[in-house]
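Undergrad: need a structure here:
(2 chains)
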Number of protein chains: 2
Amino acid sequence: MAPKRNWSYGGGPFPATVFAHLVAVALITLVLVWLLHFREGLAFKSDNKAKIFNIHPLLMLLGFVLISGEATMTYKTVPSIRKRQKLFHLLLHLIALIAGIIGIYAVFKFHNELRIPNMYSLHSWLGMSTICLFGLQWLFSFFSFWYPRAQPSARARLAPWHAVLGMVIFFMAILSAETGLVEKFIFLGLRTSQEALIVNFTGLLILLFAVSVGLTVLLPRT
Amino acid sequence: MAPKRNWSYGGGPFPATVFAHLVAVALITLVLVWLLHFREGLAFKSDNKAKIFNIHPLLMLLGFVLISGEATMTYKTVPSIRKRQKLFHLLLHLIALIAGIIGIYAVFKFHNELRIPNMYSLHSWLGMSTICLFGLQWLFSFFSFWYPRAQPSARARLAPWHAVLGMVIFFMAILSAETGLVEKFIFLGLRTSQEALIVNFTGLLILLFAVSVGLTVLLPRT
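TA: Residues are numbered from 1 along each chain as shown, chains lettered A, B, ... in the order given. Prediction:
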């Protein structure tokens, strides 16, 4: 951003946004096949505690990663006036945040009902830091950019840091997702089964989704 | 990069490079304490196979992550003419690549001597993709930007994509490092011991290192 030389990239962000959506569809398919076919399915209350756990990867991936990626891309994907793009940006981020909070609640509920300790792994540390920063960034940005809004000069100073912090938080969400997949993979004792391949391909596609969202941010509109 | 509005960031990349170096020193300390004090130490040949494994996290973290981060920052940290910055950039990346290859060789050696299967986890898939892309990017860039070099117009077209691909590969190296730490953490059955805290703080500091390297790339020289 703001380089000294005026770098130009061939092509605009359009191919990257299309690719991100294709990858998102594949990810939704993979995670549903994983949780419904290979695992026990989904439930908030159940004697089969695995069903409670399963709410966690579902909401974190579909809600927190995919919808927040979608929210990040709105300035390139929503063909509308700037104010409406902004509204989509903040509403989608709010949905992502709520999905993330419910998803984290589910894993605490699962741990507590099985008396498994909470918050000891790097995955949990990364994930908790991510959602706290996400919530803070959302609140701070809501009051600075939406209502009541800061002065134009202050907004202009804040905007680039808002974008960089947003990219850092998105990067942290991806780190949390990938470490979570690895943690579950090892706990389940997976090796080279069909299920193992589904979990690993989910991880690879999350990486591709992240890269294509990153490109939509970096590539200027042509 | 190349935004429509001319975004300006207060302050240059200097604080971020200083911070990256402080974090690197802390990381070197943590990983050495982990491998030498809590684990069995380091050796390429030993009846204690854990010592062979330990070469892997050491070289991947110090060599592949920290030195490649250093290589990424050279355009902001090496106070010299552009040609010398380029030379440091490519030499440091070469050292990182060699460290990475030896580090991966060590973990294959460890697996083979204990008859543990290779390449089934997401960590191994991410890591192997990262080092292959790293090697390809290095070779392609060497011939395009150093010797024999492409035409100036072609170099100008390639440069921004070189930078973006480099950032993607660095991001993948961080993902590989974090998933590797989580994998080892679970295999070792760590929970809340001193060692567990050291591994988790290593993971957090890797994230801080990555963010500060990212900032040195994004922030223009003032």
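Undergrad: following the longest helix along chain A, which helix or strand comes up?
TA: What stands out as the longest helix in chain A, according to DSSP state H, is helix A:152-187. Following helix A:152-187 in sequence order, the next helix or strand is helix A:194-218 (DSSP states H and E).
Undergrad: got any ranges where chain A has weak pLDDT?
TA: Scanning chain A for pLDDT under 70 picks out A:1-6, A:222.
Undergrad: centre-most residue in it?
TA: In chain A, the centroid-proximal residue (CA atoms, centre = their mean) is A:Val65; its distance is 1.7 Å.
Undergrad: ok so, going back, now do the longest helix of chain A: which elements does it pack against?
TA: Where contact means 3 or more CB pairs under 8 Å, 6 or more residues apart in numbering or on different chains; DSSP states H and E, helix A:152-187 is packed against helix A:49-58, helix A:68-77, helix A:122-141, helix A:194-218, helix B:122-141, helix B:152-187, helix B:194-218. Every residue, glycine included, has its C-beta placed from N, CA and C.
Undergrad: same thing but 10 Å
TA: Taking 3 or more CB pairs under 10 Å, 6 or more residues apart in numbering or on different chains; DSSP states H and E as contact, the helices and strands that helix A:152-187 lies on are helix A:49-58, helix A:68-77, helix A:82-113, helix A:122-141, helix A:194-218, helix B:122-141, helix B:152-187, helix B:194-218.
Undergrad: okay, the ones you listed in JSON lines with mean neighbour count next?
TA: Shown next, in JSON lines, are the helices and strands packed on helix A:152-187 (neighbours: other CB atoms under 10 Å in any protein chain shown):
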{"stretch": "helix A:49-58", "mean neighbour count": "21"}
{"stretch": "helix A:68-77", "mean neighbour count": "22"}
{"stretch": "helix A:82-113", "mean neighbour count": "17"}
{"stretch": "helix A:122-141", "mean neighbour count": "19"}
{"stretch": "helix A:194-218", "mean neighbour count": "20"}
{"stretch": "helix B:122-141", "mean neighbour count": "19"}
{"stretch": "helix B:152-187", "mean neighbour count": "19"}
{"stretch": "helix B:194-218", "mean neighbour count": "20"}
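Undergrad: give me the nearest residue to A:Leu92, chain neighbours excluded.
TA: A:Ala71 (3.4 Å; CB to CB, 6 or more residues apart in numbering or on different chains).
Undergrad: could you pull up the residues touching that neighbour?
TA: Residues in contact with A:Ala71, defined by CB atoms under 10 Å, 6 or more residues apart in numbering or on different chains, are A:88-97, A:138, A:166, A:170, A:213.
Undergrad: which one of those sits closest to chain B?
TA: Closest approach to chain B among the contacts of A:Ala71 (CB to the nearest CB): A:Phe170, at 10.9 Å.
Undergrad: the residue nearest to the centre of chain A and chain B, how far apart?
TA: Separation of A:Val65 from chain B (CB to the nearest CB, to the nearest Å): 13 Å.
Undergrad: and the angle for the longest helix of chain A with helix A:82-113?
TA: Interaxial angle of helix A:152-187 relative to helix A:82-113 (axes from the mean of the first three to the mean of the last three CA atoms, to 10 degrees): 30 degrees.
Undergrad: quick one: A:Lys109 and A:Asn54 touch, right?
TA: No - contact criterion CB atoms under 10 Å: A:Lys109 and A:Asn54 do not qualify, at 11.8 Å.
Undergrad: hmm, back to that, return the distance of the longest helix of chain A from the chain's centre.
TA: Centre-to-centre, helix A:152-187 and its host chain are 8 Å apart (CA atoms, centre = their mean, to the nearest Å).
Undergrad: now swap in stretch A:45-59 and tell me
TA: Taking CA atoms, centre = their mean, one finds stretch A:45-59 lying 19 Å from the centre of the chain it belongs to.
Undergrad: what does that stretch contact?
TA: A:28, A:31-32, A:34-36, A:39-44, A:65, A:67, A:96, A:98-114, A:116, A:127, A:177, A:180-181, A:184, A:199, A:202.
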